[in-house]
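*Asks:* return atomic coordinates for the entry below.
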Amino acid sequence: MSDESASLVIIPTFNEADNISRLIPHIMGLDEPVDVLVVDDGSPDDTAGVVKKWQKKWPARIHLIEREGKQGLGTAYVAGFHFALSRSYKYICEMDADFSHDPDDLPRLIGEVKQGHCDVAIGSRYSDGISIINWPLTRLILSYSANTYARFITGMPVQDTTAGFKCISRRVLEKIDLDKIRSNGYSFQIEVHFRAYKAGFSLKEVSIIFRERTEGVSKMSKKIVIEAVWMVWVLKFRSILGIL
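*Replies:* Purely as a prediction, here's the structure:
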């Protein structure tokens, strides 16, 4: 970690060589210093090789975890959280590699936590109307309905429960038991929000513009949707039983 930065953004990747080659220098150029950790699941397109090239320019600020095979979004972020906690990062961010999340929004999310406005700043697609570009209507309806469903079951005061763009205070990750996280798809985001909420931390939504990826292939699948549907009930019942 660089001396000037207390922030880290974790970026899980699988076949994102083209996107990560543009995303890393963009983040390095932000006014707010943010270090980068890429967690790559053995991408055949040599995403890891691209990261290593940028590491030569910013060796203290760019980090890489290489894993064998596709192990999933949730395990990638948990590995990244453990990495952050093993160092002195105070603000830990999540974002996608495909530019659906605007890296220029990172300073806003970090600022909300750094200034004490919240413990988790969520880059929200639904907190100020619907701010999504280039999604087909069917996917928009599915996403909006899933978030309404998750919010109703869990009771969380969050419009975008599945948001994957956020900044988390270190003390949140120190409090929640990362090894108890069971979700591995998009329901992972619901679980992180729910665990933080139930642990008494404050969540705040920050409106962002979400753009559908222009490069690469979406990782969404029917299995991921099904996991999200039943996981909210698992979380709810475990919370009621006091075994969350």
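*Asks:* tell me if I'm right that E205 and P157 touch.
*Replies:* No. Assessed by C-beta atoms under 8 Å, E205 is found out of contact with P157, at 9.0 Å. Every residue, glycine included, has its C-beta placed from N, CA and C.
*Asks:* and these two? which has more neighbours close in?
*Replies:* Neighbours per residue (other C-beta atoms under 10 Å) separate E205 from P157, with E205 holding more: 22 against 11.
*Asks:* elements contacting whichever helix or strand I10 is part of?
*Replies:* Element membership for I10, per DSSP states H and E: strand 7-13. The contact analysis (3 or more C-beta pairs under 8 Å, 6 or more residues apart in numbering; DSSP states H and E) places strand 7-13 against helix 17-28, strand 35-40, helix 73-85, strand 91-94, helix 106-114.
*Asks:* tell me which stretches of the chain form helices.
*Replies:* Listed in chain order, the helices of the chain (DSSP state H) span 17-28, 47-55, 73-85, 106-114, 137-154, 170-175, 187-198, 222-241.
*Asks:* so what pairs up with the most centrally placed residue in the chain in the strands?
*Replies:* Closest to where the C-alpha atoms of the chain average out (C-alpha atoms, centre = their mean) is E94, at 3.0 Å. Counting by DSSP bridges, E94 is bridged to I10, K166.
*Asks:* gap between it and L30?
*Replies:* Per C-beta to C-beta, to the nearest Å, E94 is found 16 Å from L30.
*Asks:* likewise E212?
*Replies:* E212 is 23 Å from L30, by C-beta to C-beta.
*Asks:* for stretch 162-180, buried residues please.
*Replies:* T162, A163, G164, F165, K166, C167, I168, S169, R170, V172, L173, I176 (16 or more other C-beta atoms under 10 Å).
*Asks:* I meant to write stretch 107-123 there.
*Replies:* 107-110, 112-114, 118-123.
*Asks:* just these now: which is nearest T75?
*Replies:* Of all the buried residues of stretch 107-123, the one with the least separation from T75 (C-beta to C-beta) is V120, at 20.1 Å.
*Asks:* good, wrapping up.
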